[in-house]
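Chemist: Coordinates for the following, if possible.
(one chain, ligands or ions: 1)
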Amino acid sequence: MLPPPPQDFDDEEPPSLVPVDPDTVEELPEELPAEKVPITIVTGYLGAGKTTLMNYILNEQHQKRIAVILNEFGDSADIEKSLTVQQDGQQVEEWLELNNGCMCCTIKDTGVTAIEKLMEKRGKFDYILLETTGLADPGNIAPLFWLDDGIGSSIFLDGIVTLVDAANIIRSLDDKTPIQSSDPEERAHPEEGLTTAHLQISQADVIVINKADLVSKEQLDTVKERVQAINGLARIIVAEHGKVEDLGTWLLDLKAYQTFEGLKTEQRSKLDPTISTVAVKLPALTQAQLDKVDEWLRSVCWDMQVPAKPDAPEYGEIDVHRVKGRMVVDNKKTAIIQGVREIFEISDHDIKEADGAGDGKLVLIGRNLRLEELQRNVDWFVLGE
Ligand SMILES: Nc1nc2c(ncn2[C@@H]2O[C@H](COP(=O)(O)OP(=O)(O)OP(=O)(O)O)[C@@H](O)[C@H]2O)c(=O)[nH]1
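Modeler: All right, here's what the predicted structure looks like:
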């Protein structure tokens, strides 16, 4: 957190010059690199293999100096653990240069302070990996990096990687035990089968199905289908012991919040009764129509209400965990929509040929999503049809 400005501070007034004694002037710090540092959040249920994956990344050749944060964001459980990077069999606690040239530092702390503490060492690393505890809900963390002040001014969220344990994920998804979430809304719906595993999968940009060695091919296919039905946007990678080939392509430098890959297949069957992915189609829009999309999203993401369409039955509560969208506006720019829970942003980008003229879409991942009704609602609300 940045300190609040002093009481008598007035940003309208130009600062007044004061004489300084050269002997008391502190040496200026070296200029900070202007570029923001990417951060990848690694999440996944207890024992899914997060630490195994982190160790693998840190010990691979990727020409990066990585800082690692073990965190307890979003839950109060005090789970003792530490990362054991293999460096002559020693456990890494402090800054250490690894054999592949990357730097490693572990900071165990709660909240934003861990990252702020780390940023004091800025310049020593060029990538941050943040491992959450198995019970954490990444939705609480991601929007911190969207702000242009605070930690968002020096760090950007590259992507959320969720590990799932191939042998146990179906059981975790079907577990009816109330989840540990800081959001009272989620704690209130255990009967609908919302689990921590759902939350972690629904917000992922990459899902690593780990421990593939423990299941048959048929079981692996079932896991893949279920995971894809929950999150149709994420890349899915199958791994054993966290070994993901070609890390630069699949896990790091994804820029998942600046790009939009879209759904790989148009629509998936509703294999998971709790959370699903839907893609609402949109033609090329005018700016005024884009403003209506903004208004529609405010209703859906902030108030959990689909705007009431006069001739349609009441929709009921909607709960969007992740939204991504891309649409052409006034034939001169592309609007990209990114959202996690109630925070979303719409940014303008140069139009690219690949964006096409009118194949915009809004992809929603969450609870209680019924595509046909949502499509009709958007057609009415945004396009006036
Ligand atoms: N058979 C098998 N075991 C694995 C695999 N990946 C990890 N393990 C083992 O699973 C156990 C848990 O792995 P961790 O990497 O500690 O999992 P984690 O997600 O960090 O665990 P928590 O921090 O407790 O949530 C360890 O004993 C690993 O050696 C895999 O692909 N196959």
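Chemist: Show me which residues of the protein are close to the ligand?
Modeler: With CB under 6 Å from any ligand atom as the criterion, the chain meets the ligand at residues 44, 46-52, 81, 134, 210-211, 213-214, 240-242. Yep, even glycine has a C-beta here, placed from its N, CA and C like the rest.
Chemist: repeat that with 8 Å
Modeler: Counting by CB under 8 Å from any ligand atom, the chain comes close to the ligand at 44-55, 79, 81, 131, 133-134, 163, 165-166, 210-214, 239-242.
Chemist: So which of those residues sit within helices?
Modeler: The helices, defined by DSSP state H, take in Lys50, Thr51, Thr52, Leu53, Met54, Asn55 from these.
Chemist: got TSV for those, with pLDDT and neighbour count too?
Modeler: Shown next, in TSV, are those (pLDDT from 0 to 100; neighbours: other CB atoms under 10 Å):
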residue	pLDDT	neighbour count
Lys50	88	26
Thr51	83	20
Thr52	87	18
Leu53	89	25
Met54	84	23
Asn55	82	19
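Chemist: Export these as JSON lines, with columns for distance to Ile155.
Modeler: Listed next are those as JSON lines, based on distance: CB to CB, whole Å:
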{"residue": "Lys50", "distance to Ile155": "20"}
{"residue": "Thr51", "distance to Ile155": "22"}
{"residue": "Thr52", "distance to Ile155": "25"}
{"residue": "Leu53", "distance to Ile155": "21"}
{"residue": "Met54", "distance to Ile155": "18"}
{"residue": "Asn55", "distance to Ile155": "23"}
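Chemist: How is this protein partitioned into domains?
Modeler: 37-250, 275-383 (automatic domain parsing).
Chemist: looking at the ones you listed, which has the lowest confidence?
Modeler: Mean pLDDT per stretch puts domain 37-250 lowest among the domains of the chain, at a mean of 76.
Chemist: Please, where are all the strands along the stretch 101-250 of the chain?
Modeler: Along the stretch 101-250 of the chain, counting by DSSP state E, counting those that start in this stretch, strands occupy 103-104, 106-109, 127-131, 155-165, 206-210, 235-238.
Chemist: Among those, which comes closest to Pro310?
Modeler: Pro310 sits nearest to strand 155-165 of all the strands of the stretch 101-250 of the chain, at 38.6 Å, using CB to CB.
Chemist: Direction included, what does the closest one pair up with?
Modeler: Sheet partners assigned to strand 155-165 using DSSP bridges are listed as strand 37-44 (parallel), strand 206-210 (parallel).
Chemist: can you tell which of the strands of the stretch 101-250 of the chain is closest to Trp302?
Modeler: Closest approach to Trp302 among the strands of the stretch 101-250 of the chain (CB to CB): strand 155-165, 20.7 Å.
Chemist: on that earlier part again, output the strands paired with strand 155-165 in CSV; the columns should cover mean neighbour count.
Modeler: Output for the strands paired with strand 155-165, formatted as CSV (neighbours: other CB atoms under 10 Å):
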stretch, mean neighbour count
strand 37-44, 25
strand 206-210, 25
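Chemist: out of the strands of the stretch 101-250 of the chain, nearest to Arg171?
Modeler: Among the strands of the stretch 101-250 of the chain, strand 155-165 sits nearest to Arg171 (CB to CB), with 9.4 Å.
Chemist: how much does that closest one deviate in direction from strand 127-131?
Modeler: Calculated by axes from the mean of the first three to the mean of the last three CA atoms, to 10 degrees, strand 155-165 forms an angle of 40 degrees with strand 127-131.
Chemist: i'd like the first residue to be 12 from this point on
Modeler: I'll keep to 12 as the first residue from here, and by that count the last item is strand 166-176.
Chemist: can you dump the C-alpha coordinates of strand 166-176 into CSV?
Modeler: Output of strand 166-176 as CSV, limited to C-alpha atoms (Å, rounded to 0.1, in the frame of the first residue of the first chain):
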residue,chain,number,x,y,z
ILE,A,166,4.0,-5.5,-11.8
PHE,A,167,1.6,-7.0,-14.3
LEU,A,168,-0.3,-10.3,-14.1
ASP,A,169,1.0,-12.5,-16.8
GLY,A,170,-1.3,-15.4,-16.1
ILE,A,171,-2.8,-17.8,-13.6
VAL,A,172,-1.6,-21.4,-13.8
THR,A,173,-3.8,-24.0,-12.0
LEU,A,174,-2.5,-27.5,-11.3
VAL,A,175,-5.0,-30.3,-10.9
ASP,A,176,-4.2,-33.7,-9.6
